[in-house]
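Novice: Need the 3D shape of this:
(one chain, ligands or ions: 1)
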Amino acid sequence: MIKTPKLLMIPGPTPVVRSIQVQMARETVAFGDKDFIEDLKGLIAELKGMWRCNGECFVVAGSGTLAMEMAISNITQQGDNVLVCSQGFFGDRYIDIIQRKKLNTDTLKIKWGSAPTPELVDAELSKKKYNVVTMTHVETATGAAAPIKEICAMLKSKHPDVMVIVDGVAATGGVEAYIDWGIDVLFTGSQKCFGVSPGLALLWASERAVQKRKSLPAIPESYVDFEKWIPVMNDPAKYWGTPPINLIWALKESLRIIKEEGITERYDRHARQGALIDAAMESIGFANAAEKNFRAPTLSVYFYPEGSNIDDANFRNVLAEEGVQSAGCLGEYAGKAFRLGHMGNIDKHTLVSVVASIERASIRCGHKIELGKALGILQGGLV
Ligand code: PMP
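Specialist: Next up is the predicted model:
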């Protein structure tokens with residue numbers, strides 16, 4: 001039989017559509033090329049506008065973890081108190097990054113599958129004076145989304161001096177968040193909701209964050225220093241580190257696709273498709289690990305059906321043979337569930353193939369389901 005191509009349904013990298021691939025395959029030009037300079041300038045201006053950013057936007061070579069470091073490095077100094085709100089693996093990653101910088105760290109640990117609420121964050125911040133709070137918009141290990149808008153509103157009224165960092169790596173571009181909600185630094189990586197290959201870190205910094213950096217003495221880091229990048233982002237004819245030219249073109253094409261779809265429709269589509277996949281999966285016995293109020297539109301973690309005796313590694317191998325690359329789970333969910341990304345440029349064909357492949361893999365792994373049941377639910381929501 002002809003080999004089935006694998007759909008990339010892990011929680012990032014996500015599928016890269018043809019027109020974005022084409023940009024990455026273009027002949028590379030000099031970073032001083034005048035058309036490229038205009039491309040980058042236009043891209044930064046659009047990113048700033050669309051995310052309602054009154055400060056600065058940065059697009060630099062690096063992954064999401066670099067963006068985490070860049071965010072914290074530019075608005076803190078030794079001795080600052082930072083509250084990390086963590087609902088899982090990637091929230092926890094911030095603890096190590098922050099402790100290495102000799103900042104004082106406390107963690108608001110939320111149980112896996114749940115998320116911080118305005119009340120919980122308020123209670124924690126009321127215990128002592130904090131300089132910065134970090135939050136993970138969508139926790140990629142659990143598929144739980146934090147109510148960022150509500151938390152930001154609470155922070156604005158009750159803790160206006162605390163600066164706010166939001167890790168939007170598994171959310172930004174698929175789930176709404178704007179700098180003018182009161183976020184000081186928001187960041188993501190190109191490989192998630194933007195549907196570009198890995199390699200770009202995107203950050204938005206509020207005017208307050210930019211001023212904060214200016215007020216600090218030289219920070220220990222060099223590559224991620226806002227002060228080094230601001231001149232380049234305002235005038236890409238200037239040089240700091242070589243820009244990843246082809247990825248920047250790819251991001252420009254991604255933004256064109258986002259605008260063509262409409263950013264609001266894009267958020268709505270992610271919400272619709274997340275809910276639909278959920279309904280389809282639950283109909284064949286897979287339970288979403290995230291609490292109902294906190295389910296992310298961008299990725300889901302599904303526990304194997306009780307009594308099905310599905311072996312995790314075997315299921316994911318069979319699913320890959322059936323045409324879908326999924327991801328194993330981390331930490332306390334490892335072996336009990338699998339992760340399915342559904343963010344970025346995901347069309348109806350992809351959704352149908354994903355659910356159909358999961359049905360075939362379930363049957364092949366001995367989980368007795370009625371073929372077409374989950375698919376029927378999905379299809380019902382797609383017409
Ligand atoms: N934060 C979150 C929420 C993530 O999902 C990831 C990556 N999966 C990271 C940070 C780290 O990003 P990267 O792997 O691109 O360094």
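Novice: could you pull out the helices for this structure?
Specialist: 18-24, 34-50, 64-73, 89-100, 118-125, 148-158, 207-215, 226-234, 245-261, 263-283, 312-321, 348-364, 373-382 (DSSP state H).
Novice: now those helices as JSON lines including mean pLDDT and mean neighbour count?
Specialist: From N, CA and C alone the C-beta is placed, and that goes for glycine too. Shown next, in JSON lines, are the helices of the chain (pLDDT from 0 to 100; neighbours: other Cβ atoms under 10 Å):
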{"stretch": "helix 18-24", "mean pLDDT": "98", "mean neighbour count": "16"}
{"stretch": "helix 34-50", "mean pLDDT": "98", "mean neighbour count": "16"}
{"stretch": "helix 64-73", "mean pLDDT": "98", "mean neighbour count": "23"}
{"stretch": "helix 89-100", "mean pLDDT": "96", "mean neighbour count": "18"}
{"stretch": "helix 118-125", "mean pLDDT": "98", "mean neighbour count": "17"}
{"stretch": "helix 148-158", "mean pLDDT": "98", "mean neighbour count": "18"}
{"stretch": "helix 207-215", "mean pLDDT": "98", "mean neighbour count": "17"}
{"stretch": "helix 226-234", "mean pLDDT": "98", "mean neighbour count": "18"}
{"stretch": "helix 245-261", "mean pLDDT": "98", "mean neighbour count": "19"}
{"stretch": "helix 263-283", "mean pLDDT": "98", "mean neighbour count": "18"}
{"stretch": "helix 312-321", "mean pLDDT": "98", "mean neighbour count": "17"}
{"stretch": "helix 348-364", "mean pLDDT": "98", "mean neighbour count": "19"}
{"stretch": "helix 373-382", "mean pLDDT": "97", "mean neighbour count": "17"}
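Novice: who wins for proximity to residue 330 among these?
Specialist: helix 89-100 (4.8 Å; Cβ to Cβ).
Novice: Need the contact partners of the closest one.
Specialist: Residues from elsewhere that reach helix 89-100, judged by Cβ atoms under 8 Å, 6 or more residues apart in numbering: 65, 68-69, 72, 82, 84-86, 105, 107, 110, 134-136, 139-141, 167, 169-170, 330-331.
Novice: Same check on stretch 376-383?
Specialist: Contacts of stretch 376-383 (Cβ under 8 Å, 6+ apart): 272, 275-277, 279-280, 283, 348, 351-352, 355.
Novice: Which single residue of the chain ends up nearest the ligand?
Specialist: residue 64 (2.4 Å; Cβ to the nearest ligand atom).
Novice: mind checking how far the nearest residue to residue 71 once chain neighbours are set aside is from residue 304?
Specialist: Nearest in space to residue 71, with sequence neighbours left out and distances taken as Cβ to Cβ, 6 or more residues apart in numbering, is residue 185 at 4.1 Å. Per Cβ to Cβ, to the nearest Å, residue 185 is found 38 Å from residue 304.
Novice: okay, the two: which has more neighbours?
Specialist: residue 185 (31 against 21; other Cβ atoms under 10 Å).
Novice: Tell me who's in contact with the more buried one.
Specialist: So residue 185 contacts 71, 74-75, 163-166, 203-206, 209 (Cβ under 8 Å, 6+ apart).
Novice: repeat for residue 205
Specialist: 53, 55-58, 74, 184-185, 213, 226.
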